[in-house]
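S.K.: have a look; sequence and predicted model below, questions after that.
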Amino acid sequence: MPQQARSARPLAGLVLALVLLLGGCRVQFGERSATTPGVPVSTATPAAVPTAPRSPAGTPVPAGTETVIEAPPPAPAPPASGEQRLTLAGSPDGPLTLDPALVRDADSAFIVRQIFRGLVRLDANLQAVPDLAERIRISGDGLVYTFELRDRASFHDGRLLTADDVKYSLERATDPALVGGDGRRLPAWTYLRDILGAEERMAGQRPDLPGVEVVDTLTVRIRLVRPAPDFLTKLSSPPAFIVDRWDVAGGEDWWRTPNGSGPFVLERWEEQRLLVLRAYPGYAPGAPVLQEVDIRLGADALEPMNQYERGQIDLVSVPLWALDRVQAPNSPLRQELRVQPLFAGSFILLNPNLPPL
């Protein structure tokens with residue numbers, strides 16, 4: 001790209017992202033974080049977070065060969081130079097909700113992943129690894145998952161995040177009252193039904209979630225109905241993210257100024273114009289390199305490819321109509337192009353009740 005058409009911000013690794021659209025599907029930034037994996041508008045940098053003690057109490061785990069997954073060590077921070085601010089074009093409509101239990105669209109999910117976090121996350125290879133958990137123990141029969149939480153993980157207001165918060169969040173995400181009583185409309189119907197009692201709870205057949213047990217302040221145990229090899233991957237989805245119960249109790253629109261525990265704080269949200277995320281210094285195991293993420297909304301989010309070429313945004317998904325031009329041998333954009341694998345699924349439905357054409 002010619003110098004005059006590029007953003008002047010020297011953000012290493014922020015380059016054109018190639019997105020392949022299969023079958024006319026609209027693929028967006030959706031499921032990926034702006035950094036390694038937020039704070040409410042009103043919160044500031046917290047004071048030192050107290051360390052909570054662990055208790056040996058708890059229910060015995062079934063016998064067998066136990067699998068233990070440790071949190072990966074913090075990756076070394078890349079060298080930073082210049083202003084560490086990322087500008088993106090979001091959705092013209094803006095996020096529909098920032099409530100992790102109700103988010104369905106990719107644009108909202110992208111922002112939710114910056115503000116909130118769960119027990120696990122997907123790494124660069126799309127493998128589930130501990131996030132709020134520092135250690136995961138899986139029983140030999142694959143039915144019991146024990147999560148040991150980081151002892152310094154906190155919400156953005158500085159309150160220590162505990163196993164009670166995990167239990168509350170999973171119970172809330174499976175509460176059919178969130179969607180007027182029809183639990184099948186909950187995102188958790190797709191992601192959390194493996195948990196013992198979750199399907200019955202969402203179906204309105206029981207008021208509790210027996211599969212989630214608080215062992216001690218920093219240990220939570222989840223029991224499944226049946227072994228599920230993809231359970232940890234599902235647990236990396238927004239419905240399993242941890243929310244602050246006191247924040248939720250603040251009213252129906254609590255998610256407009258959320259007190260999350262992710263790497264970024266929601267600093268400002270101007271409807272149909274701009275959403276600003278600010279790095280959370282207290283994020284464990286380490287604060288993000290990016291200090292600010294500006295997401296354009298409304299009319300300012302239109303024609304993102306043209307905005308990238310004018311140097312107005314730093315990252316863009318390449319639309320189908322621009323692929324040939326971007327990949328042409330003499331294209332100045334070719335050197336900025338990066339191909340990023342994404343989750344995708346395609347299928348064909350056949351109706352056997354119709355006669356051949």
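M.R.: Alright, I've got the coordinates.
S.K.: contacts, neighbours, all on C-alpha from now
M.R.: Will do.
S.K.: which SSE is the residue nearest to the spatial centre of the chain in?
M.R.: Computing the C-alpha centroid of the chain and ranking residues by CA atoms, centre = their mean puts R113 first, at 2.8 Å. Following DSSP states H and E, one finds R113 within helix 106-115.
S.K.: before we move on, what about E267?
M.R.: Using DSSP H and E, E267 maps to strand 264-270.
S.K.: what is that strand packed up against?
M.R.: helix 106-115, strand 274-279 (3 or more CA pairs under 8 Å, 6 or more residues apart in numbering; DSSP states H and E).
S.K.: would you turn these into CSV with distance to G183 and mean pLDDT?
M.R.: Putting the helices and strands packed on strand 264-270 into CSV (distance: least, CA to CA, whole Å; pLDDT from 0 to 100) gives the following:
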stretch, distance to G183, mean pLDDT
helix 106-115, 20, 96
strand 274-279, 31, 98
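S.K.: any chance you could map the helices in this protein?
M.R.: For the chain, the helices defined by DSSP state H cover 106-115, 163-173, 188-191, 198-202, 231-235, 245-248, 304-309, 323-327.
S.K.: now those helices in a markdown table, with distance to I136?
M.R.: Listed next are the helices of the chain as a markdown table, based on distance: least, CA to CA, whole Å:
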| stretch | distance to I136 |
| --- | --- |
| helix 106-115 | 21 |
| helix 163-173 | 14 |
| helix 188-191 | 19 |
| helix 198-202 | 21 |
| helix 231-235 | 10 |
| helix 245-248 | 24 |
| helix 304-309 | 41 |
| helix 323-327 | 42 |
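S.K.: show me what contacts the closest residue to A128 other than its chain neighbours?
M.R.: Nearest residue to A128 in three dimensions, chain neighbours excluded: L122, at 4.5 Å (CA to CA, 6 or more residues apart in numbering). By CA atoms under 8 Å, 6 or more residues apart in numbering, the residues touching L122 are A128, V129, T233, S236.
S.K.: now do the same contact list for the last one.
M.R.: In other words, S236. Counting by CA under 8 Å, 6+ apart, S236 has contacts G118, L119, V120, R121, L122, A128.
S.K.: which residues pair with the third one across the strands?
M.R.: Spelled out, it's V120. When bridges are called by DSSP bridges, V120 pairs up with P130.
S.K.: wait, doesn't it sit right on D131?
M.R.: Yes - counting by CA atoms under 8 Å, D131 is a contact partner of V120 at 4.5 Å.
S.K.: re earlier: pick the one among the contacts of L122 closest to K167.
M.R.: Nearest to K167 among the contacts of L122: S236, at 15.5 Å, using CA to CA.
S.K.: so what's the backbone phi/psi at the closest one?
M.R.: Dihedral angles of S236 (phi, psi; degrees, to the nearest 10) stand at phi -90, psi 0.
S.K.: that older thread, in TSV, list the helices and strands packed on strand 264-270 along with distance to M202.
M.R.: As requested, the helices and strands packed on strand 264-270 are exported to TSV (distance: least, CA to CA, whole Å):
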stretch	distance to M202
helix 106-115	22
strand 274-279	33
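S.K.: looking at the ones you listed, which is closest to R245?
M.R.: Smallest distance to R245 across the helices and strands packed on strand 264-270 (CA to CA): 15.4 Å, for helix 106-115.
S.K.: CA atoms of the closest one as PDB?
M.R.: The C-alpha trace of helix 106-115 is given here as PDB (Å, rounded to 0.1, in the frame of the first residue of the first chain):
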ATOM      1  CA  ALA A 106     -20.500 -12.000  15.600                       C
ATOM      2  CA  ASP A 107     -20.100  -8.200  16.000                       C
ATOM      3  CA  SER A 108     -21.500  -8.200  19.600                       C
ATOM      4  CA  ALA A 109     -19.500 -11.300  20.400                       C
ATOM      5  CA  PHE A 110     -16.200  -9.700  19.400                       C
ATOM      6  CA  ILE A 111     -16.700  -6.800  21.800                       C
ATOM      7  CA  VAL A 112     -18.000  -9.100  24.600                       C
ATOM      8  CA  ARG A 113     -14.800 -11.100  24.300                       C
ATOM      9  CA  GLN A 114     -12.800  -8.000  25.100                       C
ATOM     10  CA  ILE A 115     -14.800  -7.000  28.200                       C
END
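S.K.: which helices and strands does that helix pack with?
M.R.: strand 264-270.
S.K.: quick check: angle from the strand it packs on to helix 106-115?
M.R.: Angle of strand 264-270 versus helix 106-115, following axes from the mean of the first three to the mean of the last three CA atoms, to 10 degrees, is 130 degrees.
S.K.: buried stuff in strand 264-270?
M.R.: Across strand 264-270, burial judged by 16 or more other CA atoms under 10 Å covers F264, V265, L266, E267, R268, W269.
S.K.: any idea of the pLDDT on R104?
M.R.: pLDDT, R104: 94.
S.K.: give the contact list for it.
M.R.: If you count contacts by CA under 8 Å, 6+ apart, then R104 has P187 around it.
S.K.: ok, now how distant is it from D123?
M.R.: 21 Å (CA to CA, to the nearest Å).
S.K.: before we move on, back to that, looking at it, the residue nearest to the centre of the chain is touching I242, isn't it?
M.R.: No - distance between R113 and I242: 11.0 Å, which falls outside the contact criterion (CA under 8 Å).
S.K.: shared neighbours of the two, anything?
M.R.: Counting by CA under 8 Å, 6+ apart, no residue touches both R113 and I242.
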